[in-house]
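> no FASTA, just this:
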């Protein structure tokens with residue numbers, strides 16, 4: 001497999017971009033639902049609070065796995081890698097939710 005395409009930086013794949021955005025939005029919506037359940041059911045539950053970053057982490061790992069599979073197939077993998085990094089970064093931000101539940105919820 002040639003690495004020439006990896007350095008050219010002119011990837012254009014609208015279909016893969018739409019799929020990655022749809023995947024990312026779906027994961028974020030699921031995390032938002034978990035956050036709403038946490039807020040409405042029990043604000044002191046660390047387990048419910050931990051679901052939010054867990055969903056984002058699993059979504060980020062899933063996007064990275066998809067990026068690897070697309071790379072192996074010779075596709076435009078940076079789109080999926082970007083989606084994975086975005087979800088993992090959002091997971092780091094949301095790690096404050098279980099901390100807040102443990103610290104201030106009880």
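That came through, no problem. Not measured: the values here are computed from a predicted model.

> flag the shaky bits of the chain, pLDDT-wise.
1-10, 105-106 (pLDDT under 70).

> next one: stretch 22-40 to chain centre, how far?
On the basis of Cα atoms, centre = their mean, to the nearest Å, stretch 22-40 sits 11 Å off its chain's mean C-alpha point.

> ok, and what's touching that stretch?
For stretch 22-40, contacts defined as Cβ atoms under 8 Å, 6 or more residues apart in numbering pick out 45, 48-49, 51-53, 55-56, 59-60, 62-63, 66, 83, 86-87, 90, 94, 97, 101. Any C-beta I mention is one placed from the backbone N, CA and C, and that applies to glycine too.

> of those, buried ones?
Buried members of the contacts of stretch 22-40, counted by 16 or more other Cβ atoms under 10 Å: 45, 48-49, 51-53, 55-56, 59-60, 62-63, 66, 83, 86-87, 90, 94, 97, 101.

> taking these one by one, which sit in helices?
Residues of the buried ones among the contacts of stretch 22-40 located in helices (DSSP state H): 48-49, 51-53, 55-56, 59-60, 62-63, 66, 83, 86-87, 90, 94, 97, 101.

> now for the residue sitting nearest the centre point of the chain: which residues touch it?
Against the mean C-alpha coordinate of the chain, by Cα atoms, centre = their mean, the closest residue is residue 87 at 2.7 Å. Each residue near residue 87 by Cβ under 8 Å, 6+ apart is listed here: 24, 27, 28, 56, 57, 59, 60, 63.

> mind checking how far it is from residue 40?
Shown here: residue 87 relative to residue 40, a distance of 24 Å by Cβ to Cβ, to the nearest Å.
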